[in-house]
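Trainee: Need coordinates for the following:
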Amino acid sequence: SIDSSGFQSGLSKLSGMASGAIKATTSILAGAATAVAGIGTAAIKVGSDFEAGMSKVQSISGASATEIQQLADKAKEMGAKTKFSATESAEAFQYMAMAGWKTGDMLNSIEGIMNLAAASGEDLASTSDIVTDAMTAFGLAADGTTTIIKNGYSKEVSNATHFADVLAKAASNSNTNVGMMGETFKYVAPVAGALGFSVEDCATAIGLMANSGIKASQAGTSLRSIFTRMAKPTKEVQAAMDQLGISLTNSDGSMKSLKEIMNDLRSGFAGLTEAQKAQLAASLGGQEAMSGLLAIVNASDEDYQKLTDSIYDADGAAKEMADTMNDNLQGALYELGSAAESAGIELYDNIKNPAKKAVRAAATEIRSLSTTIKDNGIEAIIPEETITTVKNLGTTAKAVGAGGLKVLGGAAQFAGENIQTALPVAASLLTVVKGYTVVKTISTAFAETQVAMAGASTGMTILGTVAKLFTGEALAATTATGLLSGA
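Mentor: Okay, the predicted model is just below:
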C-alpha cells in the first residue's frame, strides 16, 4: 500500500500553524478593528458625502471659498439642531444654486424651506426644488421680501419663508399636499407669474380643485388652460366671458388679481342651471379643464372664504406645523441621527487631509504598477524566486503523476517541516499578483498583517488542492501552477 503518512503529517502541520495564526491575529485585531471601523468608517462615509455635496454646491453656484465655508457652517448648524442632516442641507443648497440663488439667499431661505419639508413630510431636497422652481416662475426674487400685515402691524419676511408658509397652510386646509402642489406649479406657475397672479390666490384655486379630486398635474394643466384661454380668448371664449360679465383687466387696463377674477366667476355662475354652468365652463376652459373651473365656482361660500382667509393668514404656519410634527419620539430620533452625523462630519474634518494624501499616494503607486505591467509584462513585478518556485511545483506535479504518491508525500512532509520558509513564498506570490505591495507602501501594520494572513490562507488552499488532485478527487493537472510555467 502507499505510504502517505509523510504527506498527511506535513499537511496537518501546515493546517495547524495557519489556523493558529489566523485565530491569534483575529484575537489581536478584533477589539481595535471593531472600534476603529465602527467610528472611523462612519465618519469617513458621512464626512466625504457631505464634502462632495458642498463641492457640488460650489461648482454650481460659483461660490468663493469663504462663501462655501459659510454655507457648510450653516448646513452643519441645521444638521445639529433639526431633523434634517447636514448632507440633506447640502442637497437642498444644490437646488437653490441651480435656480441661480446666491449665498446670502441660501442662508436666509434654508430654514423656511426646512420647516416646510418637516411640516409636509416631504424630503428636503424635493421641497427645495419645488420652492425654488415655483418662486422663479412667479417672479419672486430669492433676495426679496414680502410684507406681512398681521394684527395691525406689518413686517417683512423673506420670499422663500412666505412661500413656504403659504404652501403649508394650503396643504393643511385642503385635500392636497406639498408634493402634489409642486406638480401643479410645474404647469401653471409660469403662466400665473406672467399674468401677475399671486401665489396666495393660486394656492386657493389649487386647494378648491383638490377638494373636488382634481390634483397634481391635472390641476396644473386645467388652470393653465383656463388662464391662457381667457388671456387670449377666441370668439367662443369671449362670448362666454361677456355673458358672465368677467374680464381679466380693470377699466384702466391693469390686470386684475386672480382673487378678483375668481370672485367674478363665482358671481357670474351663481343662479345658472347645471346645464348652463357646464356649457359655459366648457367654453371658458375647454373640455379638459371644465371640471377644474366648476370646482372653483361650485365651492360653497363658506369653504371658499375659509380657505382664502387661512392662506392669507399663513405667516409662521410652516414653522408651527414643523414643530408639531417633530414633537414626538420619532422626531427626537431624527434629530439624534442628524446630530450624530454632524459629529461624524466634525471628526472627518480632522482626518480628511491626511486621508486624501494617502489615497492619492496609493493612486500614484497603482498607476505606476499598471504602467510597469503594460510595458514589461507581469514578470516584471514578480520576484524570480517566486517564478522558480511555481515552476518547480509544476515539475514536481508532473513527476508525481509519473512516479506515484511517494515523491509527493516526501515533498509535502518537507514543506510541512519547513513551513517558515514556504509560507512567505506563498504570501509573496499573493501579495505581488494582487498588488498588495503597492498597498504596503501606504498602509499600517494592521493592513500588513491582513496581507500576511491572506497569504497563509492562500497557501492552505493551494496545497489542499494539490492533495486532492493527486488522490483521485480531481482529474485535471495543476492548472494554477501552470499559469507561470512559460515564464
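Trainee: tell me the secondary structure for the nearest residue to residue 266 once chain neighbours are set aside?
Mentor: In space, and not counting its chain neighbours, residue 266 is closest to residue 297: 5.2 Å by CB to CB, 6 or more residues apart in numbering. Every residue, glycine included, has its C-beta placed from N, CA and C. Following DSSP: H, G, I helix; E, B strand; the rest coil, the label given to residue 297 is helix.
Trainee: Tell me how many other residues surround residue 297.
Mentor: Residue neighbour count, defined by other CB atoms under 10 Å, stands at 21 for residue 297.
Trainee: On the three-state scheme, residue 271 is what?
Mentor: Three-state call for residue 271 (three-state DSSP): coil.
Trainee: what's the answer for residue 137, then?
Mentor: Three-state assignment for residue 137 (three-state DSSP): helix.
Trainee: residue contacts, it?
Mentor: By CB atoms under 8 Å, 6 or more residues apart in numbering, residue 137 lies in contact with 185, 189-190, 192-193.
Trainee: Taking these, tell me the two that lie furthest apart.
Mentor: Using CB to CB, the contacts of residue 137 reach their maximum pairwise distance at 185 and 193, which is 9.8 Å.
Trainee: ok, the two, which is more surrounded?
Mentor: Between residue 185 and residue 193, counted using other CB under 10 Å, residue 185 has the larger neighbour count: 27 against 20.
Trainee: Against residue 45, how distant is the closest residue to that one other than its chain neighbours?
Mentor: Nearest non-adjacent residue to residue 185, counting by CB to CB, 6+ apart: residue 134, 4.2 Å away. Separation of residue 134 from residue 45 (CB to CB, to the nearest Å) stands at 34 Å.
Trainee: Give me the more crowded residue out of those two.
Mentor: residue 134 (24 against 13).
Trainee: what's the pLDDT at the more buried one?
Mentor: Predicted confidence (pLDDT) at residue 134: the value is 97.
Trainee: who are the neighbours in contact with it?
Mentor: If you count contacts by CB under 8 Å, 6+ apart, residue 134 has them with 163, 182, 185, 189, 199.
Trainee: Looking at the residues you listed, which are in helices?
Mentor: 163, 182, 185, 189, 199 (DSSP state H).
Trainee: Nearest to residue 380 among the residues you listed?
Mentor: Closest to residue 380, out of all of the ones in helices among the contacts of residue 134 and judged by CB to CB, is residue 182, at 59.5 Å.
Trainee: Count residues in the vicinity of that closest one, would you?
Mentor: Neighbours of residue 182 (other CB under 10 Å): 22.
Trainee: which intervals of the stretch 151-300 of the chain have sub-threshold pLDDT?
Mentor: Judged against pLDDT under 70, the stretch 151-300 of the chain has no low-scoring part.
Trainee: residues contacting the residue nearest to residue 266?
Mentor: 265-266, 269, 277, 281.
Trainee: Leaving out sequence neighbours, find the closest residue to residue 299.
Mentor: residue 208 (5.0 Å).
Trainee: Could you verify my assumption that that neighbour touches residue 301?
Mentor: No: counting by CB atoms under 8 Å, residue 208 sits too far from residue 301 to count as a contact (12.0 Å).
Trainee: Comparing those two, which shows the higher neighbour count?
Mentor: With neighbours defined as other CB under 10 Å, residue 208 and residue 301 compare such that residue 208 has more, 24 against 9.
Trainee: What separation do you get for that one and residue 200?
Mentor: 13 Å.
Trainee: quick one: the strands in the stretch 151-300 of the chain?
Mentor: 153-158 (DSSP state E, counting those that start in this stretch).
Trainee: This completes my enquiry, with thanks.
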